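**Q** sequence first, then the predicted structure, then my questions.
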Amino acid sequence: MARYIPLILFIVAVVGGGSLIAAGTAPGAWYAALEKPWFNPPNWIFGPVWSVLYIMIAVAGWRIWIRQRTGGAMTAWWVQLGFNFLWSPLFFSLQRPDWALVVVLAMLASVITFIVLAWDRDRISAYLFFPYAAWVAFASLLNASIWWLN
């Protein structure tokens, strides 16, 4: 049972942190007025997608942490989380899609780095990051398109 306390803490930190940031940086009139590409998904999709992804991110981080608390995979995990939590304030609060584009590309690189470094240590953790990598790649394209169009 004691083994699962860190899992709960990982989930609370990641889901809770992501939720707090989302609540504090909700898209407003500025975002609504932006020109968006044809493939921009409806706003309601982001909450459910990020909720599932945050749980997967937390589980992957916990699985790596219980195997090796330091090292490249765990460092990459923390780095991607930092970039993840930085993106929304840059894009929505500071209204800087250009800076946010740099951050989302760095996030994508750190997500891919985590997958590569976790692959031999814990394949399930690496697999848990596949949907995240796909979503961040899509978010990068969306961010770049919004920056270009505006």
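**A** Cool, got the structure.

**Q** quick one: contacts for residue 102?
**A** Taking CB atoms under 8 Å, 6 or more residues apart in numbering, we find residue 102 in contact with no residue. The C-beta positions use only the backbone N, C-alpha and C, and glycine is treated the same way.

**Q** please report how far it lies from residue 58.
**A** Summarising the geometry, the distance separating residue 102 from residue 58, computed by CB to CB, to the nearest Å, is 25 Å.

**Q** do the same with residue 139
**A** In this structure, residue 139 lies at 19 Å from residue 58, with CB to CB as the measure.

**Q** neighbour-wise, which of these two wins?
**A** Set side by side, residue 139 and residue 58 show unequal neighbour counts under other CB atoms under 10 Å, the larger going to residue 58 at 25 against 20.

**Q** tell me the average confidence for the helix or strand harbouring that one?
**A** With the criterion set as DSSP states H and E, the secondary-structure element containing residue 58 is helix 46-67. Per-residue pLDDT values across helix 46-67 average out to 96.

**Q** gap between residue 86 and residue 57?
**A** Plainly put, residue 86 is 15 Å away from residue 57 if you go by CB to CB.

**Q** identify the residue spatially nearest to the most centrally placed residue in the chain, adjacent ones excluded.
**A** The centre of the chain sits closest to residue 84, judged by CA atoms, centre = their mean, with a distance of 4.2 Å. On the basis of CB to CB, 6 or more residues apart in numbering, the spatially nearest residue to residue 84 that is not a chain neighbour turns out to be residue 107, at 5.8 Å.

**Q** over to the one you found: give its phi and psi.
**A** In terms of degrees, to the nearest 10, the main-chain angles of residue 107 are phi -60, psi -40.

**Q** how many neighbours does it have?
**A** Other residues near residue 107 come to 25 when the count uses other CB under 10 Å.
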